[in-house]
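Trainee: please find the sequence and the predicted model below.
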Number of protein chains: 2
Amino acid sequence: MSTGGVTGHAPTLEMVAARAGVSRATVSRVVNGSPKVSPDVAEVVREAIAALNYVPNRAARSLASRRTQAIALVVPESTSRVFNDPFFATLVQGVGLALAPTEYTLSMLIESETGSEKTRRYLLGGNVDGALVASHHTGDHSYAHVSQSLPVVFGGRPLDPTESVTHTVDVDNAHGAEIATQHLIDRGRQRIATIAGPQDMPPGVDRKRGWATALERAGLPDDAVEYGDFSPASGAIAMRRLLERHPDLDAVFAANDQMAIGAYSAIADAGRSIPGDVAIVGFDDDRYASTAMPPLTTVHQPSLEMGAEMARTLVRIIEGDEVASTTLLPTSLVIRQST
Amino acid sequence: MSTGGVTGHAPTLEMVAARAGVSRATVSRVVNGSPKVSPDVAEVVREAIAALNYVPNRAARSLASRRTQAIALVVPESTSRVFNDPFFATLVQGVGLALAPTEYTLSMLIESETGSEKTRRYLLGGNVDGALVASHHTGDHSYAHVSQSLPVVFGGRPLDPTESVTHTVDVDNAHGAEIATQHLIDRGRQRIATIAGPQDMPPGVDRKRGWATALERAGLPDDAVEYGDFSPASGAIAMRRLLERHPDLDAVFAANDQMAIGAYSAIADAGRSIPGDVAIVGFDDDRYASTAMPPLTTVHQPSLEMGAEMARTLVRIIEGDEVASTTLLPTSLVIRQST
DNA sequence: TTGTAGGCGTTATCAG
DNA sequence: CTGATAACGCCTACAA
């Protein structure tokens, strides 16, 4: 059998102890920053550590202490999707930001080729102290069961509220949709349609609900609805249908920016102008929103905050603090030129 | 002290052994698929495992076996950069693809907020059996030292060739630049300039060298050079200067697509047409290349293959096989409308 | 303040 | 084929 190509043996705590002329316990104390070690001894130990270039072995440490100081971010989506959806980039940044001042390490598990079984084993195999599960639009909580054996924080509420066995950080989708629609109303629009998302995804239903709420309160009709799947193409199709069935519409709330962008082309094809003939507002505030022509008014999705809040929540749970089981992050409207 | 919020204790190998009425050793054999276990005993053990929902503890396993079955992909760049550079998306896919049939788990370490010291400790702390280091254009090998204690495979050659203490998978940048330039020559272009990348990054120097090689072979001048930093803006500036100093140029090879895109605008501003007045070819074949107007002829960067090859190489090293210290991946020309 | 000793859950080496 | 019995490297009462 081979050695694995590596030359030197990693120095152990024992070796440090020998070199420093103290016991392993003392070295351990120094390494873990225990206050009850005399300064001079600590100094000697630190020198030995530096001289040997010692780094504690995680496996041993975690076996003994029953904690790994690592948390996993599992993303139940395809690799390409993860990398092409700006939402994730920001979310990861948020997580990293929140974890920076802590001792926790983040390890990302993208479920493309990895397979959920491998992921499950990873999570349950004592690799991490907790997990963050983030899927964008889908309210996928297929990892709900692992929360029975491991602290888990989900991004986005589950589809079935009763399933909420664990902690969730979500964006206030309903309220966001409501202020978006209210903005349209304030602009004097009378016939406001919506391109809703799939009704089997929480954001899809929540955003549609928010739209209806605003309309109802204003005494306006809420019957102009078409559904898309959050893709630009589906947005175009939905918009076309909306224009056919409700020729009098003068505004539309799209459940996400990508569908809104799709709607742009359908509106142009119909010979109508934005925002002159029809005003449009999206949701997410992704990179397409600001570069669209005209720039899209949209609801800002606090992805950075979401990542950070998820991480903070998880750490609290791990450390044994009491934490609210659901955190709702506020959304805000970004007004551009499409309204 | 708190329990960490988790309810049940994880079942141990010992518990499985008890339930199955065998020794721990036997359970371990079954778990690891050892052939020397009688079928009936194995069956009983498997049932016990299923009944208890047992998952081996990684820390213990890795402590005892001195291997973690995990590898790290460290990306020494900012989070936003990682997520906005299509190169990484594909690279990660390649890694995942190559790892799928193996028992290795991938954990991504993005060096945004994480900090290199934390990363170093992670790598040296026995968390992984090996590491993949990938930076896009920068030949950053600041992790070279860890290769002394851990198998490491780098993506992209180091800036200083003598520093190559370890394994590297690289794209044949020089050859790619050469065929790109040759293509321009074949198209009958006579005055071929280049927008080169930073000369402190390997791809920057290799691509410039390839360009010069082709020109020299054809007996054409290779003095029209301007430098950029791989960003679109820098490409525009370089192109403007090129047009000023060499008004007779009829073609340009840009060291990457983003700079090529930047050059597009400078060429347009100068009132010249692409490819009529000046032909242009880029490098990378990223998503901007195909959507540019006109679509950009470019050198395809085999990022998927690169990721896969890096992973395969690392696994081989870990398993103790002999592996060539440098693998050069071939590049190919994608001809579109800019030439 | 420091050292001693036992154990964390697995693997691996030997006997049987 | 199966079962004791050491490690593996570190943490943590408990003792000194």
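Mentor: On my side now, so go ahead.
Trainee: count the neighbours of A:Leu301 for me.
Mentor: Small correction: residue A:301 is Gln, not Leu. 26 (other CB atoms under 10 Å in any protein chain shown). Bear in mind the C-beta positions are built from the backbone N, C-alpha and C, glycine included.
Trainee: which stretches of chain A have low pLDDT?
Mentor: Low-confidence regions of chain A, defined by pLDDT under 70, span residues A:1-9, A:112-115, A:136-142, A:158-165.
Trainee: so which bits of it are right by DNA strand D?
Mentor: Within chain A, the residues that sit near DNA strand D (CB under 7 Å from any atom of the strand) are A:9-10, A:12-14, A:24-25, A:28-29, A:31-32, A:54, A:56-57, A:60-61, A:63-65.
Trainee: of these, select the buried ones using a PyMOL command.
Mentor: To isolate in PyMOL the members of the residues of chain A next to DNA strand D that are buried, counting by 16 or more other CB atoms under 10 Å in any protein chain shown, one can use:
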select buried, chain A and resi 10+12+13+28+29+31+54+56+57+60+61+63
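Trainee: near chain B, which of the residues of chain A next to DNA strand D show up?
Mentor: Contacts with chain B within the residues of chain A next to DNA strand D, counted by CB under 8 Å from any CB of the partner chain: A:10, A:56-57, A:60, A:63.
Trainee: where do the strands sit along chain A?
Mentor: A:70-75, A:105-110, A:130-134, A:152-155, A:167-171, A:192-196, A:225-227, A:251-254, A:279-284, A:297-300, A:326-329, A:332-334 (DSSP state E).
Trainee: in TSV, list those along with distance to B:Ala18 and mean neighbour count.
Mentor: Shown next, in TSV, are the strands of chain A (distance: least, CB to CB, whole Å; neighbours: other CB atoms under 10 Å in any protein chain shown):
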stretch	distance to B:Ala18	mean neighbour count
strand A:70-75	30	25
strand A:105-110	32	24
strand A:130-134	29	27
strand A:152-155	29	26
strand A:167-171	34	24
strand A:192-196	55	28
strand A:225-227	55	19
strand A:251-254	59	30
strand A:279-284	53	28
strand A:297-300	56	26
strand A:326-329	40	16
strand A:332-334	57	15
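Trainee: okay if I get the ones you listed as CSV plus distance to B:Ile318?
Mentor: Formatted as CSV, those follow (distance: least, CB to CB, whole Å):
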stretch, distance to B:Ile318
strand A:70-75, 20
strand A:105-110, 18
strand A:130-134, 26
strand A:152-155, 31
strand A:167-171, 37
strand A:192-196, 50
strand A:225-227, 49
strand A:251-254, 49
strand A:279-284, 41
strand A:297-300, 45
strand A:326-329, 41
strand A:332-334, 48
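Trainee: tell me which of the ones you listed sits nearest to chain B.
Mentor: strand A:105-110 (3.6 Å; CB to the nearest CB).
Trainee: what helices and strands are in contact with that closest one?
Mentor: Under the contact criterion of 3 or more CB pairs under 8 Å, 6 or more residues apart in numbering or on different chains; DSSP states H and E, strand A:105-110 touches strand A:70-75, helix A:86-99, strand B:105-110.
Trainee: pull out the buried positions in the longest one.
Mentor: For helix A:86-99, a neighbour-count test (16+ other CB under 10 Å) marks A:86-99 as buried.
Trainee: count the residues that sit near the residue of the stretch 201-339 of chain A found nearest DNA strand D.
Mentor: Residue of the stretch 201-339 of chain A nearest DNA strand D, by CB to the nearest atom of the strand: A:Glu319 (13.2 Å). A count of nearby residues for A:Glu319, using other CB under 10 Å, gives 16.
Trainee: for it, grab phi and psi.
Mentor: phi -80, psi 0 (degrees, to the nearest 10).
Trainee: all helices of the stretch 201-339 of chain A, in order?
Mentor: A:202-218, A:232-245, A:257-269, A:287-291, A:303-318 (DSSP state H, counting those that start in this stretch).
Trainee: output these as a markdown table; include the columns distance to B:Val299 and mean neighbour count.
Mentor: Converted to a markdown table, these look like this (distance: least, CB to CB, whole Å; neighbours: other CB under 10 Å):
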| stretch | distance to B:Val299 | mean neighbour count |
| --- | --- | --- |
| helix A:202-218 | 40 | 21 |
| helix A:232-245 | 29 | 20 |
| helix A:257-269 | 31 | 23 |
| helix A:287-291 | 26 | 16 |
| helix A:303-318 | 34 | 23 |
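Trainee: redo the ones you listed as CSV? Include distance to B:Glu111.
Mentor: Below are those laid out as CSV (distance: least, CB to CB, whole Å):
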stretch, distance to B:Glu111
helix A:202-218, 31
helix A:232-245, 33
helix A:257-269, 29
helix A:287-291, 23
helix A:303-318, 17
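Trainee: to chain B, which of these lies closest?
Mentor: helix A:303-318 (4.8 Å).
Trainee: please save the CA atoms from that closest one in CSV.
Mentor: This file holds the C-alpha atoms of helix A:303-318, laid out as CSV (Å, rounded to 0.1, in the frame of the first residue of the first chain):
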residue,chain,number,x,y,z
SER,A,303,-30.2,37.8,-0.1
LEU,A,304,-27.1,39.0,1.8
GLU,A,305,-29.0,39.6,4.9
MET,A,306,-30.7,36.2,4.5
GLY,A,307,-27.5,34.4,4.2
ALA,A,308,-26.1,36.2,7.3
GLU,A,309,-29.3,35.7,9.3
MET,A,310,-29.4,32.0,8.4
ALA,A,311,-25.8,31.6,9.6
ARG,A,312,-26.3,33.6,12.8
THR,A,313,-29.4,31.6,13.6
LEU,A,314,-27.7,28.3,13.1
VAL,A,315,-24.8,29.2,15.2
ARG,A,316,-27.1,30.3,18.0
ILE,A,317,-28.9,27.0,17.8
ILE,A,318,-25.7,25.1,17.9
